[in-house]
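In: everything below, folded, please.
(chains A and B)
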Amino acid sequence: MSTPLDLLQGTLDVLVLRALSHGRMHGYAVAQFIRTSSDGSFRVLDGALYTSLHRMEERGWVESDWGISDKGKRAKFYRLTAAGRRALRAETASWNDYVAAVGRVLRAVPAPEPA
Amino acid sequence: MTARSSVPAWRRYLHFWRHDVQADIDAELRFHIEARVEELIVQGGSPDVARAQAIEELGDVGEVRRDLRAIDDRIVRRRDRVVWLRSLAADFSYSARSLARTPVVAATIVITLALGLGVNAAMFSLLDVLYLRPPAGVPDPGSVNRVWYSRPFESGAQYWPGFDYPSYRAMRQALEGHAATAIYSVPQQQTIGGEAHDASAQVSWVSSEFFSVLGVRAARGRMYAKDEDRLGAPADVAVISDAYWHRAFGGDARAIGRTITVRKDRYTIIGIAPAGFAGVELDATDVWLPFSTFVRSGSMYFDPQNATPWWENRNINAFQVLVRPRTGANTAALDARITAALHRPELLYRPSDTANVARLGSIIRARGPGKTDQEFRIATRLGGVAAIVLFIAIANVVNLLLARAVRRRREIAVRLALGISRARLVRLLVSESVLLSLIAGVAAVLAAWWGGALLRALLLPDIHWAATPMHWRVLLFSIAIALGAGVVAGLLPALQSSSPDLSDALKAGAREGAVRRSRLRGSLVVAQAALSMVLLVGATLFLRSLANVRARDIGYDSSRLLFAEVTYDQPDSTRDAYLTRELRELAQRLQAAAGVSSVALTNSRPMYSFSFTAIYPDADTATVSARHAFPTFAVVSPGYFKTVGMRLLRGRGFAAHPEPSTLIINQAMAHAYWPGEDALGRCIRLGKPDAPCFTVIGVVQTAARSQIIEDPRAQFYLPMGRVPFTGYEPRTLVVRADPGAHATLSREIRRMVSDVLPGTTIDIVRMSDALEPQYRPWKLGAVLFTLFGLLALFVAAVGIYSSVSYAVSQRVHEIGVRMALGATRRDVVRQVIGSGLRTVVIGVGAGVALAIAAGHLVAALLYGVRPSDVESMVAVSVVLLAVAVAAALIPAWRASRVDPVTALRVE
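Out: You can find the predicted model right below:
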């Protein structure tokens, strides 16, 4: 396993949106999702995760309410809004484009010099 | 409460939002750490290590808390705003629905408010033009001043912006190097001939500096230069306004170079002013001519006999002077300079004139220092009157809303019981009246649109307005007062009905609860009655002033007089003698016409024009009154005095064939030259000190010279055919006839003149028509005060009616009891009317006090009646009380129909 990567803010947002696309969950569950699904490839500070959640709530991508966790504790739950769903689709598409573009460049072979 | 919001409903009513935001953040982070610690322990870590790791994974906790706090504060603020706006919208839609259920009340409120607001908006649109808007098209109006000079008038010292040319010359010299100066004459209606397609234009004579002082450049062509405006050697050039260019030349670029004629002189158009610029008066100017062409042969000031040029004539003294001080110039110092210049010995009429002060004031006429024109002053007072009408209207709306609120007391009580906050309830109730007043405001803006034009037509009809009535300021004003009126009208009833005592009152029963509110309603009726009283007293005072002014003896039987002036289009000395002969004959023949009692001839139409010349009486002319007399004269036929209705006081009139070298003077002149002595037989020399003697053979009463109200003016009369110089041949027929015959006579005269004197122009005027504008200030005050007063009376009557009938409806039970105990219907009627009258009597008393207190505001506008006039007060009180009785009559009658059995069964 290589050294964990630092994440850019925008990328973290996509990951959080992706986590919430599975349904309503609290912040800790989001953190767990990212930690397990990335196999620890990313080093995400949990604080940054909460900043991302609150900022997206301000933007109207997610909304929150207080509920009871599996273990019977009071927790703040987040859920995607319609705008959040749209944002996730757009961000995912542009991320895939980006990855594809980088991939093309990495696979490319230099063209022969014009004679 | 909308389902969409994710915040629990109860949380919105927590008052400590800020604290709550922080607590939520901390709770969220605490949950995270605890969950992480738990998981790490399950994976086999010790509690201490697990906690340390969880906190490390979180990052800088302090920073995270700060960031989250900042974000959440923003979220909360926005959510509050949305909630507030949404509930406001809910309030308005609720209000609209509940008003729609009582359309009559809603309509009454809207109409009442629209009247009050409309009157104000219209009034404001006029005041805006008079006081606030600088002349259009002047790039920096604030940097140009009008010169005002305080002079002793009949009614005390007054600032006035009119000057004669010698005074202007002195001021210009004094300001040389410190400011640029210009002189101009106020625009006057002239008939334009030549190549213009519009014969009617407002002409202003302005010096060449006029345009540069104002910073106005020609849009096409050029403005005239200094050497084209030399006194005694003027160039015949003209500048026209953009509006006139379009009106008279269809906006044709070739208009430059065309010629127009003004007063029979030809001028070549050399420039067109930029669009929008129409001079600096309320009256729009169409044509600007060089100042040096002001007096030519067509002018009433033209005096072929006088050796001194017209610009030295100190009787032509209504020129306006504009000054543009150099940047940084000290205005007070400039004031001192021009004041000193005007105090030069040759410019003083009398030694005491050194007390007069000149000042640079606003270019806006109504904003000059000191007193302003009668019309402006009336407009300001009417602004106050309009405000009173609005106040009365608001009082009425408050009354209607109060009654409505009481009818809705169960609904309000239920809402209060359900925990709606008082502030929210007040907002709900106020939103109703704001909604109503906004609807009324729209009506008011429409009213201002045409009402403003109507007011202009009523108040200042002779002005060819340079400015349009509508302006953003008027719109803003209308919206602002509509909102203000809505809040004021809604707040009082809302605070009343939302007060906690209401529920107590409800518990105690509706009848007791009504007593306190009826006290407020009663005081509103008192206020309405008092204010109506003030307006109606004002109306009465103006009506009486108008009657007094009309009854004043101005020396002419103006209602019976008809003037017909006959002129040749081109002056022609050979035909002049013929014209005189023919007019004499015409006068003879007219004597026989139906309805005519007598006919005379004069060279100048009374109260329209006059002649003057230097005079040298054999008396001590050093007396103060004589130096100020400036006697003017008219050449008249022998029957003139009898025809116009002037009384001969001493001596005799002119004989049918007047003797040479005689004249008749008026009492003012006799008094000025020979105070306390007999003027008969005295000698007056005309034109030159060594001219032959003219003997005074009679003294007539002093007739008005130009104003219906003026100081007595010295005037004298020369017999026709015996005038020692030419140019004064009578051209005006004076016909004294039955007013009913004037129309037929005008046609008859026109026909006779065109038969005998082809090629002449005939101008026929009734004296009463010509004088009408002078009665206007009083007429206007009378009309508008009466209109507003009746409006107020009507609104107040509605108020009295609604408050009495409300009181009756509240007391049905009590009335039933009384009747059951043997009270007669008559007793009930008397009691109800009595209770209504009591409030109005208090109102009338307060109104009298107010009217007396406010009297000084209109005192200067009245004539022959004092503001505290007892008769007017009594008359208006009687009217008001009669209206109150009438308004209370219907509810009283209804009360007398109360059936005791039904009434007692009600509760």
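
In: top helix in chain A by residue count?
Out: Ranked by residue count under DSSP state H, the longest helix found in chain A is helix A:82-107.

In: from the chain's centroid, how far away is that helix?
Out: In terms of C-alpha atoms, centre = their mean, to the nearest Å, the centre of helix A:82-107 is set 12 Å apart from its chain centre.

In: please report how far the nearest residue to residue B:883 once chain neighbours are set aside lies from chain A.
Out: In this structure, residue B:883 finds its nearest non-sequential neighbour in residue B:797, 5.2 Å apart by C-beta to C-beta, 6 or more residues apart in numbering or on different chains. No exception for glycine: its C-beta is placed from N, CA and C like everyone else's. Between residue B:797 and chain A the distance is 57 Å, computed by C-beta to the nearest C-beta, to the nearest Å.

In: now residue B:781
Out: For residue B:781 relative to chain A (C-beta to the nearest C-beta), the value is 63 Å.

In: got a list of what the closest residue to that residue other than its chain neighbours touches?
Out: Spatially, and ignoring its direct neighbours in sequence, residue B:781 is nearest to residue B:542 (3.8 Å; C-beta to C-beta, 6+ apart). Applying C-beta atoms under 8 Å, 6 or more residues apart in numbering or on different chains to residue B:542 gives the contacts B:778, B:781-782, B:785-786, B:858, B:861-862.

In: any of the residues you listed buried? List them.
Out: The neighbour count (16 or more other C-beta atoms under 10 Å in any protein chain shown) marks B:778, B:781-782, B:785-786, B:858, B:861-862 as buried among the contacts of residue B:542.

In: returning to that earlier point: for residue B:28, state which of the contacts of residue B:542 is nearest.
Out: Using C-beta to C-beta, residue B:785 comes nearest to residue B:28 of those, at 71.3 Å.

In: what about that closest one, distance to chain A?
Out: For residue B:785, the distance to chain A - C-beta to the nearest C-beta - is 61 Å.

In: equivalent analysis for residue B:44, please.
Out: Going from residue B:44 to chain A by C-beta to the nearest C-beta gives 17 Å.

In: now residue B:643
Out: From residue B:643 to chain A the distance is 92 Å (C-beta to the nearest C-beta).

In: hang on, the earlier thing: including secondary structure, could the buried ones among the contacts of residue B:542 go into JSON lines?
Out: Converted to JSON lines, the buried ones among the contacts of residue B:542 look like this (DSSP: H, G, I helix; E, B strand; the rest coil):
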{"residue": "B:778", "secondary structure": "helix"}
{"residue": "B:781", "secondary structure": "helix"}
{"residue": "B:782", "secondary structure": "helix"}
{"residue": "B:785", "secondary structure": "helix"}
{"residue": "B:786", "secondary structure": "helix"}
{"residue": "B:858", "secondary structure": "helix"}
{"residue": "B:861", "secondary structure": "coil"}
{"residue": "B:862", "secondary structure": "coil"}
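
In: residues in contact with residue B:708?
Out: Counting by C-beta under 8 Å, 6+ apart, residue B:708 touches B:549, B:552, B:554, B:771, B:774-775.

In: from the residues you listed, which land in helices?
Out: When DSSP H defines the helices, the subset of the contacts of residue B:708 inside them is B:549, B:771, B:774-775.

In: what pLDDT does the residue of the stretch 201-350 of chain B at minimum distance from chain A get?
Out: Here the stretch 201-350 of chain B gets closest to chain A at one residue, residue B:276, 49.5 Å apart by C-beta to the nearest C-beta. At residue B:276, the model reports a pLDDT of 86.
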